[in-house]
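Chemist: structure, please.
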Amino acid sequence: MTEYRPRFFTSDAEIEHLGEHFLARTLPKAEWTHEAHLATTTWLLLRRSDIDVDQELPGLIRRYNESVGGVNSDNEGYHETITRVFLAGVRSFLSEAAPKAPLHELVNELLMSPMGRRDWPLRFYSRDRLLSVEARKAFVPPDLATLP
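Modeler: So this is what the prediction gives:
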């Protein structure tokens, strides 16, 4: 695995900013980092019970990508399998986390956990399978190990 040094959050307000601006499609593209993806997912799961994350997240990400000039194609933009794997990882992390901890502390712990690593999906998928067009367009089951 590669060296991973995440950018940490210093307040819950930073994460709320990311989440709200992501939903409004006003978040600058430069702020939509790996850390922001995981922070926003955590925020959605813990603070936005009005959103059915399993159903709505794909469309939210696709619309956000388009709002910042991106495209959702066979080669870039939204990736269904990676989204589902990280969603499972965030849920797995949260199932073991302290429920009353401040949001930014939870996210920082997540970022330091195995589930927070950029290469975490490669524990379950071969690179070719994970990066295939099929996996981008629809969820494909892992070929190396079972997901949590």
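
Chemist: now do the buried residues in the helix or strand where residue 42 lies.
Modeler: Remark: residue 42 resides in helix 34-47, with elements defined by DSSP states H and E. Applying a neighbour-count criterion of 16 or more other Cβ atoms under 10 Å, one finds 35, 36, 37, 38, 39, 40, 41, 42, 43, 44, 45, 46 buried in helix 34-47. All C-beta spots, glycine's among them, are computed from the backbone N, C-alpha and C.

Chemist: one more: stretch 72-88?
Modeler: Residues of stretch 72-88 classed as buried by neighbour count (16+ other Cβ under 10 Å): 72, 78, 79, 80, 81, 82, 83, 84, 85, 86, 87.

Chemist: contacts only, for the third one.
Modeler: It stands for residue 79. Residue 79 sits next to 135, 136 when contact means Cβ atoms under 8 Å, 6 or more residues apart in numbering.

Chemist: any idea how far residue 51 is from it?
Modeler: 20 Å (Cβ to Cβ, to the nearest Å).

Chemist: same question for the fifth one.
Modeler: When Cβ to Cβ is applied, the distance between residue 81 and residue 51 equals 21 Å.

Chemist: mind checking pLDDT for the residue lying farthest from the centre of the chain?
Modeler: Largest separation from the mean C-alpha position in the chain: residue 100, at 21.5 Å (Cα atoms, centre = their mean). As predicted, residue 100 sits at a pLDDT of 86.

Chemist: within the helices and strands, which one has it?
Modeler: Short version, using DSSP H and E: residue 100 is in no helix or strand.

Chemist: torsion angles phi and psi at it?
Modeler: Torsion angles at residue 100 (phi, psi; degrees, to the nearest 10) stand at phi -100, psi 0.

Chemist: if I look at it, how far off is residue 106?
Modeler: The value you get for residue 100 to residue 106, if Cβ to Cβ is used, is 10 Å.
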